[in-house]
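Trainee: this one's structure only:
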């Protein structure tokens, strides 16, 4: 059993991390795109970073990345600089940022899963708060995240800030998983069964559970049910009383592992 993965770059049902990484640059495009990208060399990278940092939520995650993974930070800025200078459509920097994030997180799945439980719990707490506040703001926007769909309009700046904090917390957890690795065994059928039982206790119906685990089409449930599914899935993982299953389920949820 595993969590549903969508077949596009937005990520998996209930998982907003990758979608949030897109906010590195997406708000800049809504605002009219990057300026002065014809400057040669390193100046382009500096310009891209400066414009990214000008938008809420970006500064905290970029600072965390630079602190924990300075080489990866340099690679990101170089990647975005090359995209800005190169050919392609107006969304070329956005595409480059999203692909970079997907590759970075995929290459550090095991580091994240090996992080101390405090780091993993922190990521999930931030994620649940984000989703709950998103539902209060706009249930359809919450459902879009739950189904891995793009937002039709930019969200208020408070969500950009919260999103940046989630991504920064994930960077920190990956770092912690490398420096303070926790040895854990794999998930068992009993762990999955306990999670499903908790989801039922929290009021999710069988169709919602089927969608969460990739056994039904996300289109089969409407916005209210999709949003509820996303929130209660995170809540059910956080509610697992034993540390090891909770950590393993968190790692599986974030990575979309089978």
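Mentor: On my side now, so go ahead. Please read these numbers as outputs of a predicted model, since none were measured by experiment.
Trainee: Test my guess that residue 150 contacts residue 144.
Mentor: Yes. The pair residue 150 and residue 144 qualifies as a contact (Cβ atoms under 8 Å) at a distance of 7.0 Å. Backbone N, C-alpha and C define where each C-beta goes, glycine included.
Trainee: When these two are compared, which one has more neighbours?
Mentor: When neighbours are counted by other Cβ atoms under 10 Å, residue 144 comes out ahead of the other of residue 150 and residue 144, with 21 against 12.
Trainee: Report the contact partners of that one.
Mentor: When the contact criterion is Cβ atoms under 8 Å, 6 or more residues apart in numbering, the partners of residue 144 are 150-152.
Trainee: Put together TSV for these, with pLDDT on each row.
Mentor: Output for the contacts of residue 144, formatted as TSV (pLDDT from 0 to 100):
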residue	pLDDT
150	78
151	81
152	80
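Trainee: Just give me the closest of those to residue 228.
Mentor: Among the contacts of residue 144, residue 151 lies closest to residue 228 (Cβ to Cβ), at 18.7 Å.
Trainee: For that closest one, give me its contacts.
Mentor: Listed by Cβ under 8 Å, 6+ apart, the contact partners of residue 151 are 141, 144-145.
Trainee: Against residue 60, how distant is it?
Mentor: Look at residue 151 and residue 60: by Cβ to Cβ, to the nearest Å, they are 20 Å apart.
Trainee: cool, residue 163 as well?
Mentor: From residue 163 to residue 60 the distance is 10 Å (Cβ to Cβ).
Trainee: low-confidence ranges in this structure?
Mentor: Judged against pLDDT under 70, the low-scoring parts of the chain cover residues 1-45, 48, 51-56, 257-258.
Trainee: all strands for it, in order.
Mentor: Ranges of strands within the chain: none, based on DSSP state E.
Trainee: could you pull out the helices for it?
Mentor: With helices called from DSSP state H, the chain shows them at 17-21, 26-30, 42-53, 58-68, 70-85, 92-107, 109-113, 117-137, 139-146, 157-179, 189-201, 206-212, 223-238, 243-255.
Trainee: Can you list the buried residues in the fourth one?
Mentor: Within helix 58-68, the residues that qualify as buried by neighbour count (16 or more other Cβ atoms under 10 Å) are 58-62, 64-66, 68.
Trainee: try the last one
Mentor: Buried residues in helix 243-255, counting neighbours by 16+ other Cβ under 10 Å, are found at 245-255.
Trainee: distance between the ends of stretch 195-212?
Mentor: Terminal residues of stretch 195-212 are spaced 12 Å apart (Cα to Cα, to the nearest Å).
Trainee: outside of that stretch, which residues touch it?
Mentor: Identification of contacts with stretch 195-212 by Cβ under 8 Å, 6+ apart yields 3-4, 13-14, 216-218, 220-221, 225-226, 228-229, 232-233, 235-237, 239-240, 249.
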